[in-house]
Each structure stands twice: as C-alpha cells, then as structure tokens.
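J.: pasting the sequence and the predicted model now:
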Amino acid sequence: MKNKQKTKRAIAKRFHTSGSGKIIKNGNTNTSHLALSKQRKTKNHLRKKRQISRADRRRLNRLITR
C-alpha cells in the first residue's frame, strides 16, 4: 500500500487552490515580518489575492491538497 503525501501546512496557510485548479496567494502573506521598513503602498498591494505563475504552480501543486 502506497503512503499518501502529507500537506505542507506552512504552504497551505499561504496559498489555496481555486475551483479550476489555479493556485491563489492568500491576501495576508509577506505583510507582518519587517513591516515597518515596507512602504504603505507595498503592503496594500501584498494584501490582495494574486494568482501564482505557471512555473511556481507546478512546484506548489504537490504540496497543497485540493
């Protein structure tokens, strides 16, 4: 019997999959650590949900359960 691969919890907290299988970045990543040195405009843009590029999608697909 083949063992299932566990979900990487750190990745699952930062990304999720859409209904069509695209990987979406959650809106709260990269906003808390060293936030004082980041500009307000940068943090506002990081709050939005974004679609991950195709190259990264292949790499992250194995780590996130659908």
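T.: Now that the structure is in, tell me what you want to look at. Remember, predicted model here, so these are calculated numbers, not experimental data.
J.: show me where the chain has helices.
T.: 9-14, 40-47, 54-61 (DSSP state H).
J.: name the helices or strands packed onto the second one?
T.: In this case it means helix 40-47. Under the contact criterion of 3 or more CB pairs under 8 Å, 6 or more residues apart in numbering; DSSP states H and E, the helices and strands touching helix 40-47 comprise an empty set. Just so you know, the C-beta spots here come from the backbone N, C-alpha and C atoms, and that holds for glycine as well.
J.: now find how far off-centre that helix is within its chain.
T.: How far helix 40-47 lies from its chain's middle: 16 Å, per CA atoms, centre = their mean, to the nearest Å.
J.: what does it contact?
T.: Residues outside helix 40-47 that contact it (CB atoms under 8 Å, 6 or more residues apart in numbering) are 27-31, 35, 38.
J.: hmm, try it at 10 Å
T.: Applying CB atoms under 10 Å, 6 or more residues apart in numbering, the set of residues contacting helix 40-47 from outside is 25-32, 35, 38-39.
J.: follow-up on the earlier one: for the helices of the chain, which one sits closest to Asn3?
T.: When those are ranked by proximity to Asn3, the top entry is helix 9-14, at 17.5 Å, counting by CB to CB.
J.: using CSV, list the CA coordinates for that closest one.
T.: Listed next in CSV are the C-alpha coordinates belonging to helix 9-14 (Å, rounded to 0.1, in the frame of the first residue of the first chain):
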residue,chain,number,x,y,z
ARG,A,9,0.9,23.2,6.5
ALA,A,10,3.1,26.2,6.0
ILE,A,11,2.2,26.3,2.3
ALA,A,12,-1.4,25.6,2.9
LYS,A,13,-1.7,28.6,5.2
ARG,A,14,-0.3,30.9,2.5
